[in-house]
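Chemist: When you get a sec, could you give me coordinates for this:
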Amino acid sequence: MKKILITGGAGFIGSHVVRRFVKNYPQYHIYNLDLLTYAGNLENIADIQNESNYTFIKGDIVDEVFINALFQEHQFDGVIHLAAESHVDRSITNPIAFVKTNVIGTMNLLHAAKTIWANIPEDKRFYHISTDEVYGSLGMDGLFTETTAYDPNSPYSASKASSDHFVRAYGETYNLPYVITNCSNNYGPNHFPEKLIPLFINNIINNKPLPVYGDGNYTRDWLFVEDHARAIDLVFHKGKNHETYNIGGFNEWKNIDLVKLLCQIMDQKLDRVSGTSENLIAYVKDRPGHDLRYAIDASKINQELGWKPSVTFEQGLEITIDWYLNNETWLKNVTSGAYQNYYEKQYH
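Modeler: Numbering: from 1, shown residues only. Reported below is the predicted structural model:
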C-alpha cells in the first residue's frame, strides 16, 4: 500500500483532494497533515474521517524536527503539498508568517523527502501546488504559460515564487522527482469566507456590505475546486517529472461583473426582489500592489493529460451557492471568533 502525504488537507482545496484520493484509491493510505489554523477545518472532511485508508495528523510544516521524524516514521511514497498561507491581504499585514509557512515549510518537506528517497527515488513524487500570482500582472491581452517569467508583486506571491524555485532547485541539484502546478483562483464548497465568492455569499445572506476593491475592474480566471482536484489527480499520476502544468478555468471575469452575477443568483435563491443584493455593493480603498489581471493558458495540461473544466462558471457558481445555503451551520462555525476580529480590522 503506497503512503501518500497530503499537506493542508483540512483546508479548502486540500479537503477536496484528500476526499478524492481516499475514495478513489483504496490501495493508498492517505496521511492528511494540517495545523488547523483559521482556514483548516476538520468539518470539511468529516465524511471520510473513519475510512480505513485515512489518517489525520495535526502538525506544523515549519517544525523541521517534527517533519523529519514524520517522514522517517512513515516513509512516504509521495507528497502532495497544498499547505500554505494564501490570502494576499493577510500577507500585506503579516509577510513574515508567509515566509515561514510557504518557504521554510516547503523547504522542510523537500529536505525530508530528499533524505528518505535518496537511495530509492523510483516511483516517488513530490507534487507542489502553486499559484498563477507568481507570474505577476497581465495587461488586457495575453495569457500566463508555463514559461512566463516570474514577477510576483505581493508578499504572498513572492513567498510562493520562492517555494517554486526551491522545488525546482531540489530537482536539478538532488534529482528529486517533482511536479509543479500553478492554478488560477479556485471557488466552490468549503471555501473559508475571506475570499471573494464565499465572503460575498455570506454577506448577502446577512445583508452586510459587499466590499469591492478599487473600481472593481480587476480580472481573474476562476476554477471550480472539484475540477482542480481532478487535475491534481491527473498530474500526480500521469504528469512528467520536472514539469510544470498551468491549471485554469478558461473563465475570466472582472470582479464587478462576477459580483453582480452573484447578486442576481442570490436574489433568486433567497426570494428577494431583483437588485436587492446589488445595493449592498460598497467600493473600498484599493489594496497595495493589486495585480490588474490573471489569466491562465491551460492548453498543456489539456493536450498532454486530457484535462479540461467539467462545468461552466455559471454551473459551478450555482453549485457553490447551493452548498453554502444548505450548510449554514458550517458557515456560522467558521465566521465566529478570531475571523470576525480579522474581518473588522481588514474592511472597516
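
Chemist: Tell me where this protein has strands.
Modeler: Secondary structure of the chain (DSSP state E): strands at 2-7, 28-34, 54-58, 78-81, 125-131, 178-183, 185-187, 210-213, 219-224, 243-247, 252-254, 281-284.

Chemist: The ones you listed: which one's closest to residue 96?
Modeler: Closest approach to residue 96 among the strands of the chain (C-beta to C-beta): strand 125-131, 19.2 Å. All C-beta atoms are positioned from the backbone trio N, CA, C, and that covers glycine.

Chemist: other SSEs contacting that closest one?
Modeler: In terms of contacts (3 or more C-beta pairs under 8 Å, 6 or more residues apart in numbering; DSSP states H and E), strand 125-131 is packed against strand 78-81, helix 105-116, helix 155-174, strand 178-183, helix 225-238.

Chemist: can you put these in a markdown table and add distance to residue 143 and mean neighbour count?
Modeler: As requested, those are exported to a markdown table (distance: least, C-beta to C-beta, whole Å; neighbours: other C-beta atoms under 10 Å):
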| stretch | distance to residue 143 | mean neighbour count |
| --- | --- | --- |
| strand 78-81 | 25 | 24 |
| helix 105-116 | 26 | 21 |
| helix 155-174 | 17 | 20 |
| strand 178-183 | 12 | 24 |
| helix 225-238 | 17 | 20 |
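
Chemist: can you list the ones you listed in CSV and add mean pLDDT and distance to residue 281?
Modeler: As requested, the helices and strands packed on strand 125-131 are arranged in CSV below (pLDDT from 0 to 100; distance: least, C-beta to C-beta, whole Å):
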stretch, mean pLDDT, distance to residue 281
strand 78-81, 98, 37
helix 105-116, 97, 37
helix 155-174, 97, 25
strand 178-183, 98, 27
helix 225-238, 98, 25
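
Chemist: out of those, nearest to residue 133?
Modeler: Per C-beta to C-beta, nearest to residue 133 of the helices and strands packed on strand 125-131: helix 155-174, 3.8 Å.

Chemist: May I have the closest one exported as CSV, CA atoms only?
Modeler: Output of helix 155-174 as CSV, limited to C-alpha atoms (Å, rounded to 0.1, in the frame of the first residue of the first chain):
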residue,chain,number,x,y,z
PRO,A,155,4.4,39.1,-0.2
TYR,A,156,2.1,36.1,-0.8
SER,A,157,3.1,35.7,-4.4
ALA,A,158,6.8,36.3,-3.6
SER,A,159,6.7,33.5,-1.0
LYS,A,160,5.1,31.1,-3.4
ALA,A,161,7.5,32.0,-6.2
SER,A,162,10.4,31.3,-3.7
SER,A,163,9.0,27.9,-2.8
ASP,A,164,8.6,27.1,-6.6
HIS,A,165,12.2,27.9,-7.1
PHE,A,166,13.3,25.7,-4.3
VAL,A,167,11.3,22.8,-5.6
ARG,A,168,13.0,23.1,-9.0
ALA,A,169,16.4,23.5,-7.3
TYR,A,170,16.0,20.3,-5.4
GLY,A,171,15.0,18.6,-8.7
GLU,A,172,18.1,19.9,-10.5
THR,A,173,20.6,19.6,-7.6
TYR,A,174,19.4,16.3,-6.0
